[in-house]
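Undergrad: Kindly return the folded structure for what I paste below:
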Amino acid sequence: MSHRWPLVAVVLLLSLFNPGCKKREAQHPVVVHLFRDLYSPYAHELDHRILEYQSGNPHLPSGAPIVLETVNEQDYKSALKNDFEKNVRADVVILNNSNDVEESPTLAAELANAVNVCAAVKACPAKVPAFVPPTATGEYAAAAHAFLDYLAKQQ
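TA: Below you'll find the predicted structure:
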């Protein structure tokens, strides 16, 4: 019986000071900022798709959770006309249609990289272009692309 106590003490010490049992640090969420028209004809449907995406608890491969947040600092039309690249910080741009960027050469150039997210909404025009602007980099760009991939899929 006296031989068991040192063994119990060693096991207890190893279990208390085991470096493999460290508590995981919580991953900080990657907040993806969406620029879109909150009053477009298909905004309600897009809201539903955003909620569906968030309810799926999306994560990056690194384990960081993805959180979506709509940018509503400016009105949609005025933001597109007033030096968008400098005044709006967005990781995803969802347009009502491709004609909306006629006054912004930088955004017009991004239309070549846009995906059609019309599959995400029921009441949409022929094409709803959405893209990740070049200002989004790193984890933000990866999270933005994951969200666009989700939107581009048929429901």
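
Undergrad: For this structure, just list every one of the strands.
TA: 30-35, 66-70, 92-94, 115-116, 129-131 (DSSP state E).

Undergrad: Glu102: which of those is closest?
TA: strand 129-131 (12.8 Å; CB to CB). Just so you know, the C-beta spots here come from the backbone N, C-alpha and C atoms, and that holds for glycine as well.

Undergrad: which one's the longest helix in this structure?
TA: helix 138-152 (DSSP state H).

Undergrad: Only the buried residues of that helix, if you could.
TA: Of all the residues in helix 138-152, those buried under the rule 16 or more other CB atoms under 10 Å are 139-148, 150-151.

Undergrad: now swap in stretch 65-72 and tell me
TA: 65-66, 68, 70-71.

Undergrad: picking that back up, identify all contacting residues around the longest helix of the chain.
TA: By CB atoms under 8 Å, 6 or more residues apart in numbering, the residues outside helix 138-152 that reach it are 30, 32, 49, 53, 58, 60, 62, 64, 66, 68, 91-92, 115-117, 119-120, 130-132, 136.
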